[in-house]
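Novice: what's the 3D shape of this:
(4 chains)
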Protein chains: 2
Amino acid sequence: MEIKVAIFEDSKPLRESLQQLVDSQVNMQCAGAFADANHLVLHMKEASPDVVLMDINMPGTSGIEAVKIISEQFPVVRVLMQTVFEENDKIFAALLAGASGYMLKKTSPAKMIEAINETYNGGAPMTGSVAAKVLQMFRNQPAAASSESIDLSEREKEILEWLVKGKSYQAIAEVCFVSIDTVKTHVRHIYEKLHVHSKSQAVAKAIYQKLV
Amino acid sequence: MEIKVAIFEDSKPLRESLQQLVDSQVNMQCAGAFADANHLVLHMKEASPDVVLMDINMPGTSGIEAVKIISEQFPVVRVLMQTVFEENDKIFAALLAGASGYMLKKTSPAKMIEAINETYNGGAPMTGSVAAKVLQMFRNQPAAASSESIDLSEREKEILEWLVKGKSYQAIAEVCFVSIDTVKTHVRHIYEKLHVHSKSQAVAKAIYQKLV
DNA sequence: ATGTAAATCACCCAATCGGGTGATAGGTTT
DNA sequence: AAACCTATCACCCGATTGGGTGATTTACAT
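Specialist: This next block holds a predicted model:
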C-alpha cells in the first residue's frame, strides 16, 4: 500500500527534489506538490494525502494556519512540519495546532523518508534538538503531579479560594458570615501551611500547585 | 574529545554488548558499566560520565529514581533512558524526572550511537512513537495559549513577573533599581490594563492568562 | 479524660497597598 | 508642532494586610 504524500513548499528546487525523493520510494507516491497553502482545502481534497509535508514559512497562508485547518477538516491526515530554523514559538504553535512531527530542512533525505514513514505509522518524528525543546516546555508547565502533603482544612481551602478570586478579608468575612478577625486567623494558618507571607504569594502557590 | 558513557543495565549480555558498542566508537568511551543503581552516586563520581544509559527496570533503585538523583546531583550529566516496552506512565515519569531521551531497546546499534551523540549535544532523541506520546500529553494539558489583547509594556511585564513571585513594591524597587514610587506607578498602570484592583487579583489573572 | 486540631472572635501595631494628584523627560505617531 | 505613550519620581492619605498574643467552643483521637 502506498503512502500518499502532499508537499507544501514555496521553494521550487526544494519542492521538486522532495517530490522526486518521495516518488523514488517504492511505498510512497507524491499526490501533489504546491507552492503555497492558499487553496489548501481544494488541494487537500484533490490530492487526498495520508501525510502532508508542510513548510512553516510560506507566502500567504502560513504553515501554522494550514496545519490548523488540516487538523480540523482532515483529522486523519498527519502533518510533518519542515523548517529551516528552530524557532521556539513556531515549534510550540505548530505542535499545538496539530502537527505530528517537526523536522529541520537540513535533515538528510534518508531521514526524511524515515520520518514520513514514522509519521504515517503514528509516530512523531522530530530532530533531537526539537524534541529537547518540547521536553523543556513540557517539564516547565505541569508543575508537579505530586505535591500532596499540603493539608488545609475545609474552611481554609474555602478561604483560599476566595483569596484567589481577589477578595479582601472584609469581603470574605461577609460571604462566609464570620468576623474579619476570623478570616485573618484562617489566612495566617494558610500562610503557615503554604510557607508564604503574603496574599499574592499564597495565590500564586495555590494556582501553581492546583490547590484551587 | 571523547564522550564518556556510563551504562546501568541489569542484563549482563545487553550491558556487555552496549559496552562493546560504545567502546568501538572513535569518539566514545565507556566509563563504567553497572548492573544496578544501588551505589549510584558512588558510581557516578567514579565514572564521571557525560551521558548515562539507564535501563528503566532494574532491581533495587529503579531507573526513574536514579534519573531523579542524577538530575539533582549531577545536573550537567544527560540521561538516555532505555526500556523494552512503551509504558505511558513510565515515559512520563522518566521525562519529568529529568531524562533527556527515551529509546526502545529494539533500537538498532547505529541508532543508539546516534542517540548518544544527540543526547550529548543537547538533543532529546526518542523513538517516534515515544515522541508521539509526549506530544499527545503535551497537547492535552496546557489548554489555551494565546489570548492576546492585553498589551503591557516591557517594564510592566517585568514588574508583573515580580508580583507573581510574591515581591513587595519595596523589593521590586530594589531589584529594578528604581524608586518605590515608580513601582507603584507601574503597578497602577498594570491594574488598569488588567482591570483589577489588587496584587492578588493581578497575580491570579497573570497566571491564568499566561501573561507570565 | 485529656490532648489536639479546627473554627471562631478580639485587640494592637507597623508595614504595605491602592488611589489621587502632579511632574519631568524621551520617544512615536499624527 | 501637538498629542500620546512610557518610564521615572514624589507626596499624601486612608484602607488593607501581616503578625503578635490570647481566648472560647466543638469535635475527634488517644
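
Novice: Let me see the domain layout of chain A.
Specialist: For chain A, automatic domain parsing gives the domain ranges A:3-138, A:143-208.

Novice: Pretty sure A:M54 sits in a strand.
Specialist: Yes. A:M54 sits within a strand when classified using DSSP: H, G, I helix; E, B strand; the rest coil.

Novice: Verify the stated contact: it with A:S62.
Specialist: No. Under the criterion of CB atoms under 8 Å, A:M54 is not in contact with A:S62, lying 9.7 Å apart. In short, each C-beta sits where N, CA and C put it, glycine included.

Novice: hey, what's in contact with both of the two?
Specialist: Common neighbours of A:M54 and A:S62, using CB atoms under 8 Å, 6 or more residues apart in numbering or on different chains, are A:A37.

Novice: and the residue nearest to A:Y169 when sequence neighbours are not counted, what does it touch?
Specialist: Excluding the flanking residues, the one nearest A:Y169 by CB to CB, 6 or more residues apart in numbering or on different chains is A:V183, at 4.7 Å. Applying CB under 8 Å, 6+ apart, one finds that A:V183 lies in contact with A:159, A:169, A:172-173, A:176.

Novice: ranges for the strands of chain A?
Specialist: A:3-8, A:28-34, A:51-55, A:78-83, A:101-104 (DSSP state E).

Novice: winner for burial among the ones you listed?
Specialist: strand A:51-55 (a mean of 27; mean count of other CB atoms under 10 Å in any protein chain shown).

Novice: That strand - contacts with which helices or strands?
Specialist: strand A:3-8, helix A:63-73, strand A:78-83, helix A:109-120 (3 or more CB pairs under 8 Å, 6 or more residues apart in numbering or on different chains; DSSP states H and E).

Novice: what's the average pLDDT for the last one?
Specialist: Across helix A:109-120, the average pLDDT comes to 88.

Novice: For it, name the packing helices and strands.
Specialist: strand A:3-8, helix A:12-23, strand A:51-55, strand A:78-83, strand A:101-104, helix B:128-140.

Novice: if you set the cut-off to 6 Å instead, what comes out?
Specialist: Under the contact definition 3 or more CB pairs under 6 Å, 6 or more residues apart in numbering or on different chains; DSSP states H and E, helix A:109-120 sits against strand A:51-55.

Novice: The strand it packs on pairs with which strands, parallel or anti?
Specialist: Looking at strand A:51-55 with DSSP bridges, its paired strands and their directions are strand A:3-8 (parallel), strand A:78-83 (parallel).

Novice: what's the least confident stretch among the ones you listed?
Specialist: Looking at the strands paired with strand A:51-55, the weakest mean confidence is strand A:78-83, a mean of 89.

Novice: what's next to that strand, contact-wise?
Specialist: Contacts to strand A:78-83, defined as CB atoms under 6 Å, 6 or more residues apart in numbering or on different chains, come from residues A:51-56, A:67, A:70, A:94, A:99-103, A:105, A:119.

Novice: Nearest the middle, which residue of chain A would you pick?
Specialist: For chain A, the residue sitting closest to the mean C-alpha position, by CA atoms, centre = their mean, is A:L96 at 3.1 Å.

Novice: got the contact list for A:S198?
Specialist: B:G166.

Novice: Now with 8 Å, please.
Specialist: A:191, B:166, B:168, B:199.

Novice: How about A:H186?
Specialist: Contacts of A:H186 by CB under 8 Å, 6+ apart are A:155-156, A:159.

Novice: Which one of those is nearest to chain B?
Specialist: A:I159 (12.4 Å; CB to the nearest CB).

Novice: Tell me the spacing between the closest one and A:I116.
Specialist: A:I159 sits 56 Å away from A:I116, going by CB to CB, to the nearest Å.

Novice: again with A:P75
Specialist: Going from A:P75 to A:I116 by CB to CB gives 19 Å.

Novice: of the two, who's got more company?
Specialist: Neighbours per residue, other CB atoms under 10 Å in any protein chain shown: of A:P75 and A:I116, the larger number sits with A:I116, 26 against 9.

Novice: Find the nearest non-adjacent residue to that one, please.
Specialist: For A:I116, the spatially nearest residue (CB to CB, 6+ apart) is A:V51, at 5.6 Å.

Novice: Ok, A:I69 next?
Specialist: A:I69 sits nearest to A:L40 (CB to CB, 6+ apart), 5.8 Å away.

Novice: How many residues are close by the one you found?
Specialist: Neighbour count of A:L40, defined by other CB under 10 Å: 23.

Novice: Can you give me the pLDDT of it?
Specialist: At A:L40, pLDDT is 88.

Novice: State the distance from it to DNA strand C.
Specialist: 33 Å (CB to the nearest atom of the strand, to the nearest Å).

Novice: number of nearby residues for A:G128?
Specialist: As a burial measure, A:G128 scores 19 neighbours (other CB under 10 Å).

Novice: Equivalent analysis for A:D181, please.
Specialist: 10.

Novice: Looking at it now. What's its pLDDT?
Specialist: Looking at A:D181, the pLDDT reads 91.

Novice: separation between it and A:Q170?
Specialist: Applying CB to CB to A:D181 and A:Q170 gives a distance of 11 Å.

Novice: so what's A:M126 bridging to?
Specialist: A:Y102.

Novice: which residues sit in contact with it?
Specialist: A:101-103, A:134, B:131.

Novice: Distance of it relative to A:K111?
Specialist: For A:M126, the distance to A:K111 - CB to CB - is 11 Å.

Novice: ok, the closest residue to A:D10 other than its chain neighbours - contacts?
Specialist: For A:D10, ignoring the flanking residues on the chain, the nearest one in space by CB to CB, 6+ apart is A:M58 at 4.8 Å. Residues in contact with A:M58, defined by CB under 8 Å, 6+ apart, are A:8-10, A:35-37, A:66.

Novice: gap between the longest helix seen in chain A and the chain center?
Specialist: Longest helix in chain A by number of residues, with DSSP state H as the criterion: helix A:180-194. A distance of 38 Å separates the centroid of the chain from that of helix A:180-194, by CA atoms, centre = their mean, to the nearest Å.

Novice: cool, stretch A:175-184 as well?
Specialist: 43 Å.
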